[in-house]
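# Coordinates for the following, if possible.
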Amino acid sequence: MGLYAKYILPRIIDFVMSNDDTAKERAKVIPRASGNVLEVAVGSALNLPFYEPSVSRLFAVDPSAELLRMARSRRRSTTFPVEFLHRSAETLPFGDASMDTVVVTWGLCSIAEPLDALREMRRVLKPGGILLFVEHGRSRDVSIERWQNRVNPIWRVVAGGCNLNRPIDELVREAGFQIDELETKYLPGPRIMTFTYRGAAT
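This is a model prediction of the structure:
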């Protein structure tokens, strides 16, 4: 891993994702989490301020040691225990049906094997538990999707493995989830980067 990916890119990610538009999306989703919560691809923990006291314990995983270092600096603002784990999402160190809620926000775009990760999320989720997600991905506008496909090979290199064109809803369903709520829209910014899926699945 080069210096750019290890030290510079995490700070860029934290800066880019710290804006009012993403905060509004977080505020619609994160307060719904309760009980034992797993957050996948926690990044620099920008979701932490939005969790409610109904959370018993938060387990947060991410493959970036630098992002986790930044995340730990935000832990003092919580009223519940938080455990950060440095690992990928494709193999989770939790028992079957051990989580009440699983959260993933702007993470499925960069996980190397998103379907494997989603299947792990389903494995650790209790019956009746909920998957909460906010992700950017493949546009439903054919002309925008065409540009996403063209730009994606270059974008992946620049953005640390982030993909612009993943069909988030299809991946969630293929992993065995039932999507109960789904809203799609463009957030402000370049449309090839901002088509957003926000939803809940069981």
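# Show me what secondary structure element comes after the helix or strand harbouring Arg57.
Using DSSP states H and E, Arg57 falls within strand 55-62. Tracing the chain past strand 55-62, the next element assigned as helix or strand by DSSP H and E is helix 65-72.
# Taking their axis directions, that following helix and strand 55-62 sit at what angle?
Comparing the axes of helix 65-72 and strand 55-62 via axes from the mean of the first three to the mean of the last three C-alpha atoms, to 10 degrees yields an angle of 160 degrees.
# counting contacts, what elements does the helix or strand harbouring Glu170 pack onto?
Element membership for Glu170 (DSSP H and E) is helix 168-174. Contacting helix 168-174 under the criterion 3 or more C-beta pairs under 8 Å, 6 or more residues apart in numbering; DSSP states H and E are the following elements: helix 114-124, strand 125-136, strand 179-186, strand 195-201. Any C-beta I mention is one placed from the backbone N, CA and C, and that applies to glycine too.
# for this protein, which helix is longest?
Taking DSSP state H as the criterion, the chain has its longest helix at helix 142-158.
# how close does Pro49 get to Pro31?
Pro49 is 10 Å from Pro31, where distance means C-beta to C-beta, to the nearest Å.
# meant to ask about Val142
Here the distance between Val142 and Pro31 works out to 35 Å (C-beta to C-beta).
# ok, those two, which is more surrounded?
Neighbours per residue (other C-beta atoms under 10 Å) separate Val142 from Pro31, with Pro31 holding more: 14 against 7.
# Test my guess that the more buried one contacts Val55.
No - the pair Pro31 / Val55 is not scored as a contact, 9.6 Å apart, by C-beta atoms under 8 Å.
# Who are the packing partners of the longest helix of the chain?
Judged by 3+ C-beta pairs under 8 Å, 6+ apart, the packing partners of helix 142-158 are helix 191-194.
# for the record, mean pLDDT for the helix it packs on?
Averaging pLDDT along helix 191-194 yields 97.
# Pull the CA coordinates from that helix and hand them back as PDB.
Coordinates of each C-alpha in helix 191-194 appear next as PDB, following Å, rounded to 0.1, in the frame of the first residue of the first chain:
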ATOM      1  CA  ARG A 191     -24.400  12.800 -11.400                       C
ATOM      2  CA  ILE A 192     -22.000   9.900 -12.300                       C
ATOM      3  CA  MET A 193     -20.900  10.000  -8.600                       C
ATOM      4  CA  THR A 194     -24.100  10.900  -6.700                       C
END
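# Now that helix: buried residues?
By neighbour count on 16 or more other C-beta atoms under 10 Å, the buried set for helix 191-194 is Ile192, Met193, Thr194.
# What count of nearby residues applies to Tyr51?
With neighbours defined by other C-beta under 10 Å, the count for Tyr51 comes to 24.
# Surely it touches Ala33?
Yes - contact status for Tyr51 versus Ala33: in contact at 6.1 Å, counting by C-beta under 8 Å.
# residue ranges with poor pLDDT in the protein?
Applying pLDDT under 70 to the chain picks out residues 1, 77.
# hmm, 50 instead?
For the chain, applying pLDDT under 50 flags no range at all.
# any idea which residue of it is furthest from its center?
Note on the chain: the largest C-alpha distance from the chain mean falls to Ser143, namely 25.8 Å (C-alpha atoms, centre = their mean).
# All set now, cheers.
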